[in-house]
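Visitor: Sharing a sequence plus its predicted fold:
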Amino acid sequence: KADEEVEAMYKELKDLLDTTKPEEVTVIMGDFNAKVGSEAVDGCTGSFGLGTRNERGDRLIEFCQNEDLVIMNTTFKMPKRRLYTWTAPGHGVNNKIIRNQIDYIIIKRRFRNAIKSAKTYPGADVGSDHNPVVAKMEVRLKKVQRKTNAKKSLDLTKLKNEELANRLKQSVCNEMINIKQQNSQIDKIDEKWNNIKTTLMKEGQNFLKPGRIKKKSWITEDILDLMDERRKWKNIDREKYRKIQKEIKKKIKEAKEKQLLEECLEIEKYERMYDSFNMHKKVKEITGTQKKKQVGILKNLRGEIITSVQDKINHWTEYIKELFQDNRPPLDTTPLEETGRRIITTAEIAYSLRNMKNKKAPGPDDVPTELLKIMDNNGLEVLADLFNTMYDLGTIPKEWLSSTFITLPKKINARECSDYRTIALMSHTLKLFLKIIHLRIYGKLEAEISDSQFGFRAGLGTREALFAINVLTQKCLDVNKNIFACFIDFEKAFDKVQHEKLRQILIEKNIDKKDIQIITSLYWNQTAKVRVDEELSEDIMILRGVRQGCILSPLLFNTYSEAIFEETLKEHGDKGIKIDNTVVNNIRYADDTVMLA
């Protein structure tokens with residue numbers, strides 16, 4: 001029976017080992033009731049064990065050989081008192097010494113060098129006839145470079161070279177004259193967009209093709225060329241080598257000073273624009289005090305850490321499908337009331353383009369804002385032709401309807417999918433178009449939002465909301481009245497906006513028919529892929545929610561939540577705190593809400 005229990009134990013241990021992955025550092029520790037002795041077994045035990053091997057020791061060695069394990073507390077030369085782990089009950093009787101080594105620390109052979117020492121501590125106050133076995137371990141974690149399908153982006157830093165930027169601009173302008181003629185004879189928006197995109201990317205690849213990989217942002221092509229030259233003379237001509245080395249140091253100093261000057265000028269620019277957010281962000285970037293990127297760890301439903309990229313993609317796909325699943329009714333195709341033709345002008349496009357930020361990750365089409373800004377009036381006319389065709393038809397190019405979700409942890413030690421924020425990377429040309437739509441609908445929708453909403457509004461924020469709550473509280477205390485506050489945090493509020501309800505609200509707000517058609521087309525036909533370690537998932541249908549990363553989302557969400565609150569408080573509008581005939585019963589910052597009474 002004892003042998004059966006031993007075999008059962010080894011079987012369970014093997015089953016556990018089978019659940020581990022080769023790259024995981026696996027350590028087994030415990031009382032095996034086996035003596036492996038001092039006779040070394042190649043790749044399994046050392047020659048510094050204690051005593052003579054017994055039958056159970058043979059079984060342990062057999063198991064270690066099969067599983068590619070090493071018994072580490074037999075591999076370090078120690079005094080015998082640092083080797084024995086168990087003292088028998090008969091020890092000391094008639095001066096008889098009965099001490100054995102039956103407790104072991106075992107590790108995968110691949111990581112055996114991680115164990116720096118292993119020995120027992122006899123006499124430790126542990127209340128046992130066993131001595132503790134202690135090992136010192138140092139694990140070096142090396143970043144594994146995975147082969148990915150990541151596309152090589154354009155090197156937009158080359159646009160700092162004025163001569164190159166001017167040549168690129170001239171080339172794009174010439175091409176846009178041809179595109180203008182071609183697109184005037186095309187009715188399909190997908191073909192129009194494909195002509196524009198193909199031209200921009202072709203010119204971008206010609207002028208902004210990525211060069212050699214630079215480990216430091218200040219490294220220039222001249223420095224890299226000198227480094228290549230220095231390498232040639234390393235073991236041939238020491239004098240030549242030192243001369244080039246001196247030149248490299250000089251170039252490095254100049255490059256660092258130039259970059260620092262550019263960064264300081266950028267900080268001054270943000271200061272002049274009263275853009276404190278980007279100013280402090282840049283200061284933190286220069287001083288190295290910016291928060292480091294969190295390592296993304298993901299657990300499955302069983303609480304096990306997911307390491308495989310494909311398993312992560314599958315897990316994220318299931319989560320996003322469930323998050324954005326909705327019993328959305330079929331789109332109501334009842335024609336909306338005509339409001340006359342309002343064309344999109346090149347002036348609107350130019351204004352919106354100037355206000356778009358650079359250095360933002362592009363969407364699935366890979367066309368960055370910087371390329372759009374290079375276009376002259378001919379290019380703006382090409383975009384105006386595309387945008388007006390879209391505006392009249394109420395449709396959007398198919399490529400623009402797809403976005404890429406990237407996942408950002410909302411808190412330290414994020415483990416579940418719900419602990420991450422899904423940000424949609426959208427086509428920058430779509431963002432430009434939606435920026436124009438935003439300018440057209442903003443005034444009408446903003447006027448409908450109550451003063452109790454402090455989120456995503458000019459001149460308002462959390463400080464103003466907290467100040468309002470403090471003032472209301474103080475006013476109540478001044479007149480000896482109690483105040484009751486109920487704090488509400490709506491879970492995944494942005495992701496649970498119902499498209500049909502949102503569309504109906506926009507109709508009730510008398511938003512222009514064409515603007516509603518564009519917003520409807522955007523949300524009714526959208527798909528998304530999730531990106532994990534530069535790998536993409538399959539397309540996922542998005543049946544509810546507003547995109548986090550879209551310029552329309554904050555305004556649409558505020559409008560949606562305002563309508564919900566109006567409907568909810570319709571019968572209780574007179575309840576709350578009264579100040580000068582005005583009733584205040586809620587303070588909101590986007591979806592974070594406090595109800596007051």
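Guide: Yep, that arrived.
Visitor: show me the contacts for residue 419.
Guide: If a contact means CB atoms under 8 Å, 6 or more residues apart in numbering, then residue 419 has 409-411 as its contacts. (C-beta placed from N, C-alpha, C; glycine too.)
Visitor: For residue 410, see how far away it is.
Guide: Separation of residue 419 from residue 410 (CB to CB, to the nearest Å): 6 Å.
Visitor: what about the residue nearest to residue 455 when sequence neighbours are not counted, how many neighbours?
Guide: Take residue 455 and drop its neighbours on the chain: the residue closest to it by CB to CB, 6 or more residues apart in numbering is residue 590, 3.4 Å away. Residues lying near residue 590 (other CB atoms under 10 Å) number 18.
Visitor: Mind pulling the model confidence for residue 590?
Guide: At residue 590 the predicted local confidence, pLDDT, stands at 89.
Visitor: Is it in contact with residue 555, as I believe?
Guide: No - the pair formed by residue 590 and residue 555 falls short of the contact definition of CB atoms under 8 Å, at 11.4 Å.
Visitor: Overlap in contacts, these two.
Guide: With contacts defined as CB under 8 Å, 6+ apart, the residues shared by residue 590 and residue 555 are residue 456.
Visitor: Can you name the residues that contact the residue nearest to residue 455?
Guide: Neighbour list for residue 590: 455-456, 493, 554, 557-558, 561 [criterion: CB under 8 Å, 6+ apart].
Visitor: how far away is it from residue 331?
Guide: Summarising the geometry, the distance separating residue 590 from residue 331, computed by CB to CB, is 27 Å.
Visitor: Regarding the residue lying farthest from the centre of the chain, what is its secondary structure?
Guide: Here the chain reaches farthest from its C-alpha mean at residue 94, the gap being 69.6 Å by CA atoms, centre = their mean. What DSSP: H, G, I helix; E, B strand; the rest coil gives for residue 94 is helix.
Visitor: Then residue 530?
Guide: Residue 530 - assigned by three-state DSSP - is strand.
Visitor: Return the backbone torsion pair for residue 422.
Guide: In terms of degrees, to the nearest 10, the main-chain angles of residue 422 are phi -100, psi 110.
Visitor: for it, which residues make a bridge with it?
Guide: Here residue 422 sits in beta bridges with residue 407, as judged by DSSP bridges.
Visitor: circling back: same list (the contacts of residue 590) but as TSV, adding neighbour count and distance to residue 128.
Guide: Formatted as TSV, the entries for the contacts of residue 590 read as follows, by neighbours: other CB atoms under 10 Å; distance: CB to CB, whole Å:
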residue	neighbour count	distance to residue 128
455	18	61
456	16	63
493	17	56
554	17	63
557	21	62
558	22	65
561	20	63
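Visitor: Considering the residues you listed, which is situated nearest to residue 397?
Guide: Using CB to CB, residue 554 is the member of those that lies nearest residue 397, at 24.0 Å.
Visitor: Can you tell me the closest non-neighbouring residue to the closest one?
Guide: Once its chain neighbours are removed from consideration, residue 554 has its nearest residue in residue 456; the separation is 3.5 Å (CB to CB, 6+ apart).
Visitor: Kindly state the pLDDT recorded for that neighbour?
Guide: Confidence per residue is given as pLDDT, and for residue 456 that number is 90.
Visitor: so is it in a helix, a strand, or just coil?
Guide: For residue 456, the secondary-structure state derived from three-state DSSP is coil.
Visitor: so what's it up against?
Guide: Shown in contact with residue 456 (CB under 8 Å, 6+ apart): 554-555, 557-558, 590.
Visitor: Widest-spaced pair of the residues you listed?
Guide: Taking CB to CB as the measure, these have their most distant pair in 555 and 590, spaced 11.4 Å apart.
Visitor: What's the first helix or strand after the longest helix along the chain?
Guide: For the chain, the helix with the greatest residue count under DSSP state H is helix 238-272. Heading C-terminal from helix 238-272, the first helix or strand you meet, by DSSP states H and E, is helix 276-287.
Visitor: tell me which residues in the helix or strand bottoming out on mean pLDDT in the chain are buried?
Guide: Taking mean pLDDT, DSSP states H and E as the measure, the chain has strand 577-579 as its least confident helix or strand, at a mean of 82. Judged by neighbour count using 16 or more other CB atoms under 10 Å, the buried positions of strand 577-579 are residue 577.
Visitor: For that strand, which strands pair with it and how are they oriented?
Guide: Partners of strand 577-579 in the sheet, by DSSP bridges, are strand 582-584 (antiparallel).
Visitor: Quickly find the element holding the closest residue to residue 346 other than its chain neighbours.
Guide: In space, residue 346 comes closest to residue 380 once its chain neighbours are excluded; the distance is 4.2 Å by CB to CB, 6+ apart. When elements are defined using DSSP H and E, residue 380 is found to belong to helix 377-393.
Visitor: And that helix, what does it pack against?
Guide: Contact analysis of helix 377-393 by 3 or more CB pairs under 8 Å, 6 or more residues apart in numbering; DSSP states H and E lists helix 162-183, helix 189-207, helix 346-354, helix 428-446, helix 513-524 as its packing neighbours.
Visitor: wait, which of these is closest to residue 393?
Guide: Evaluated over the helices and strands packed on helix 377-393, closeness to residue 393 peaks at helix 189-207, with 6.8 Å, by CB to CB.
Visitor: Give me the residues contacting the closest one.
Guide: 154, 158, 164, 167-168, 171-172, 175-176, 179, 182-183, 186, 365-367, 371-372, 382-383, 385-386, 389-390, 393, 395-400, 429.
Visitor: Residue 527 touches residue 398, doesn't it?
Guide: No - in this structure residue 527 lies outside contact range of residue 398 using CB under 8 Å: 9.6 Å.
Visitor: Would you reformat the helices and strands packed on helix 377-393 as JSON lines and include mean neighbour count, mean pLDDT and distance to residue 65?
Guide: JSON lines is the format used below for those (neighbours: other CB atoms under 10 Å; pLDDT from 0 to 100; distance: least, CB to CB, whole Å):
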{"stretch": "helix 162-183", "mean neighbour count": "16", "mean pLDDT": "90", "distance to residue 65": "63"}
{"stretch": "helix 189-207", "mean neighbour count": "18", "mean pLDDT": "92", "distance to residue 65": "56"}
{"stretch": "helix 346-354", "mean neighbour count": "16", "mean pLDDT": "94", "distance to residue 65": "68"}
{"stretch": "helix 428-446", "mean neighbour count": "19", "mean pLDDT": "94", "distance to residue 65": "59"}
{"stretch": "helix 513-524", "mean neighbour count": "20", "mean pLDDT": "91", "distance to residue 65": "61"}
